[in-house]
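Q: Below are the sequence and a predicted model for it; my questions follow.
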Amino acid sequence: MVSVTRRTWLTTLAAAPMAGGLAAWAVDEKQAGQTRKWETIPPRELIRQRHFPDVELVTHEGKRVRYYDDLIRDKKVVLNLMYAHCEGICIPVTSNLVRVQKLLGDRMGRDIFFYSITLKPEEDSPKVLKAYAKTHGVRPGWTFLTGKPETIELVRRRLGFVDIVPKVDANKSSHIGMIRFGNEPKVRWGACPAQASPEHIVRTLLWDLG
Amino acid sequence: MHLLKFRPNKLAEIARKNRQEIIKAKLSRRDLFKMGLLTGSGYLVVKSGLSARAPQACGPTDCRPGCSPFVQPFQEPLPIMPVLPERDVNTYPEFVSRPPNDTPNSAINPANNLPFEGRTETHQSRGQFPPQKFLITRMAQNSNVIVHPALPPQTLWGFNLGDNNFTTDPALSPGPTVVTRYGSPVLIRRYNQLPPEPAFGGFGVPEVSTHLHNFHSGPDSDGGPCDPDQQRFFFREQYYDYFHNLARAGFGSTHPPNGDVNETLSTLWYHDHRVDHTAENVYKGMAGFLIAFSDGFDTGDEGTGFHLPSFFPFPSFDIPIILTDKLFNPGSGQLCFDTFGLDGLVGDTFLVNGKVQPFMDVFKRRYRFRVLDGGPSRFYQFFLTNPDNLNQQIPFWVISNDGNLLPTPLQVTSVLISVAERFDIIVDFKKIAQDFGATRLRLENRLVQVNGRGPTGQLFSAGQGNQLVEFRLGAIVTDNSVDPATGPQFFTLPTKPRSEARVTREFQFERRNGQWAINGQFVDCNNPRFRVKRNTAEIWVLENFQTDSLGWQHPIHIHMEEFQMLSRQFGAQPPPVERSRKDVVRLGRNERIELFFRFRDFLGVYPMHCHNTIHEDHAMMLLWEVDDVGDTIRRP
């Protein structure tokens, strides 16, 4: 290894490359003898920052809500994607989740909250979502959400509902068909196929949400 | 891998916020300089989201390849995991106060209102094989793990040596090596003393099910993910007694009373299998080796049996090696894992036996390395590279595949290994020093992989790959082990006649709406998909048909019994190194593989699943059941 004097280290640092300036980092602590200041973000805060921006959404009742503060914080939640005029999996998924809702009984809306987020906010106004919910026999404790298109896109990406193939990802009818569930205060997050059997989904949820 | 593609104005916003925080924190120029955030000319360095002109710069919550702090390789020696000590069941206090009975300890623990033991069934075959060896280990957190001197102490989850004192007996990752011997049935008590939520780093759940990967176990002790009726994972402050009869497969059927000697296993591993959270728990540290020795064969003493390099006494020439690639958060220097990822985790920092790129001082003689790909998602193709002469192609010997000694050693210059596969190799350092003049060698991975799909198909050129371990050759010493070049014979492969199969089944693995399905259906913990008739043979056909051009590779694992491959790649013979009994098969893109199984001795429910643990957690799994009737469903 070439020995690095303080002067050469400064020059290197000033010319630090763009993406992944690993060389700059490497030269940092060991050779220069500086002690590194590490900062750990507590787990709940880490998940919030990474996955739950506190953006504004609108419920199917027309109520404006803050995504993290009102919907996620302190709750046991189940999230999925849909859109009202979907020809693909949305209908079987929604009716499957309706069965799950029935099995969960009075826990829905008490400590377990379902959220379905529309992928087509331009089409799915609160009114449209409310009608959709009614048609499917959705009961209280399950909220449908819409918002500004760029907000919805941010929410979706942060939830990890992203396909590795850009073309597939851009195609709304082939959207990710899973539910993401979590116990937010306990920082436990998992996922499950939305079309698994309702009994399997319930068992999985109870194992994780407690 | 989920990409946070910020638009330029969003990035500028972040940069502005970060600079504001620096101002708010009243960090002096001196502080900034010390933190490596200020250039000599006083500008904030282009990293850590401080500059709006760094589109892929790593942010404080990021956990992706390229963002881990860079650390120098070969700073610390390769750890050798300690052996889990044997306990006297008549005097060791834990076993005296809570005897390891066949019937689970269902008395309620007043401290947590749960049964003391998480197990809900008795141990199959225990009557025939009463336990002789008793072991105990406790799963717990260790916040003082040094993986590299330049990284802060890590907080990992692991297994200790058994005492209820984590100061003197801290949890280890990899866990202690469990040493067993055929003919000496083993009972292992595992305690769950993991911390309550929320978990450090935001990943890991404190329920566990310890799977002994590859052993022929009853479902009561297999450590599987889930079962329609029985509890598999257990909770904090519970324990679970796992029983392994250390008899070969066929003990109750084809080869009573002790099984078919040609079903002898040698290198196994144990790891967590908590359903839906296997990836994060194993990644957080919960894995270790189990070695099975056999008198007269793979004895552990190079003076006897097959004369394989000695495990006993110290110093050992038989070294278990677990490869795990990891990611570290740039701001905290801590191990990180994004539980919201779907495709697979490919790390940029390579740990071997828990240390980043260690070195190992070796004598000039033959060593046996039991190499395990500990995942979570990466495939490796490892070579021996002479860093002082990169052109040399250095041979070594493969003696075992998935813990099964091959009929005879095979000389190779590289091994392709996928998650959960094991290859035991013999490296003759003395011969290599003679023939190649090498004074040091690197165990080098040259297989290129950038995401959870699998390898790209390209190889790095010698010296350009991932340098996993540096072996530093020392003095010549006595070597009584067999020279693989003399063509020793180990075991004979059991027969695999197609005509013996009672039924042939087909399994198509596919991606469905961002997750994984088998024959179009998702995992169901309440319903096994099909029933195998005990003590019969079956042929399973695995198919991987791709719908997108880049495709996915999957290491598929079946519990309970091993298989032999009848064909690979639509009817071709498997390559020599795969003419073996195995329990993990690498299912390539657009491939069709036929497997021959015998399902013997035990009754109950077992899984088949992909061992890319992120795929496994996103439903690439099914349950099947062994009973005395069976069905003939062709596409379950």
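A: In hand now; what should we look at?
Q: buried set for the lengthiest helix in chain A?
A: The helix that spans the most residues within chain A, counting by DSSP state H, is helix A:90-104. The neighbour-count check on helix A:90-104 (16 or more other CB atoms under 10 Å in any protein chain shown) flags A:90, A:93-94, A:96-98, A:100-101, A:104 as buried. Every C-beta, even on glycine, is put in place using the N, C-alpha and C of the backbone.
Q: ditto for stretch B:155-168
A: Of all the residues in stretch B:155-168, those buried under the rule 16+ other CB under 10 Å are B:155-162.
Q: Need the max-distance pair from the buried residues of helix A:90-104.
A: The largest separation in those, counting by CB to CB, is between A:C90 and A:L104 at 20.4 Å.
Q: So which elements touch the one helix or strand B:A292 maps to?
A: Assigned by DSSP states H and E, B:A292 belongs to strand B:287-293. Counting contacts by 3 or more CB pairs under 8 Å, 6 or more residues apart in numbering or on different chains; DSSP states H and E, strand B:287-293 packs against strand B:178-181, strand B:267-272, strand B:318-326, strand B:366-373.
Q: What is the distance between that strand and the centre of its chain?
A: With CA atoms, centre = their mean, to the nearest Å as the basis, strand B:287-293 stands 11 Å off its chain's centre.
Q: neighbouring contacts of that strand?
A: In this structure, residues lying in contact with strand B:287-293 by CB atoms under 8 Å, 6 or more residues apart in numbering or on different chains are B:81, B:158-159, B:172-182, B:212, B:215, B:246, B:264-272, B:298-300, B:311, B:320, B:322, B:324, B:370, B:372, B:374, B:403.
Q: hmm, 7 Å instead?
A: Contact with strand B:287-293 is made by B:81, B:159, B:174-182, B:212, B:246, B:265-271, B:299-300, B:320, B:322, B:370, B:374, as judged by CB atoms under 7 Å, 6 or more residues apart in numbering or on different chains.
Q: what's the span of stretch A:113-131 from first residue to last?
A: 19 Å (CA to CA, to the nearest Å).
Q: Is it positioned near chain B?
A: No - against chain B, stretch A:113-131 shows no contacts by CB under 7 Å from any CB of the partner chain, the least distance being 12.6 Å.
Q: roughly how far out does that stretch sit from the chain middle?
A: With CA atoms, centre = their mean, you get 16 Å for stretch A:113-131.
Q: A:G105: neighbouring residues, count only.
A: Neighbour count of A:G105, defined by other CB atoms under 10 Å in any protein chain shown: 11.
Q: what does B:V346 give?
A: The number of residues packed near B:V346 is 20, by other CB under 10 Å.
Q: Once you drop chain neighbours, what's closest to B:N258?
A: Distances taken as CB to CB, 6 or more residues apart in numbering or on different chains place B:A247 nearest to B:N258, at 5.1 Å, with adjacent residues excluded.
Q: Go ahead and name everything in contact with stretch B:551-561.
A: B:216, B:222, B:224, B:249, B:379, B:418-421, B:453-454, B:509, B:511, B:542, B:544, B:546, B:583-590, B:597-600, B:602, B:606-612, B:615.
Q: To clarify, my last question referred to stretch B:487-494.
A: By CB under 7 Å, 6+ apart, the list of residues contacting stretch B:487-494 reads B:260, B:262-264, B:306, B:405-409, B:482, B:564, B:581.
Q: can you rerun that using 8 Å?
A: Counting by CB under 8 Å, 6+ apart, B:260-264, B:297, B:306-307, B:399, B:404-409, B:482, B:564, B:579-581, B:598 sit against stretch B:487-494.
Q: among these, which ones are buried?
A: B:260, B:262-264, B:297, B:306-307, B:399, B:404-406, B:409, B:482, B:564, B:579-581, B:598.
Q: ok, and of the contacts of stretch B:551-561, which contact chain A?
A: With CB under 8 Å from any CB of the partner chain as the criterion, these include B:R453 near chain A.
Q: are any of the contacts of stretch B:551-561 buried, and which?
A: Buried members of the contacts of stretch B:551-561, counted by 16+ other CB under 10 Å: B:216, B:222, B:224, B:249, B:379, B:418-421, B:453-454, B:509, B:511, B:542, B:544, B:546, B:583-589, B:597-600, B:602, B:606-612, B:615.
Q: Among these, name the ones in strands.
A: Counting by DSSP state E, the part of the buried ones among the contacts of stretch B:551-561 found in strands is B:509, B:511, B:542, B:544, B:584-587, B:597-599, B:606-610.
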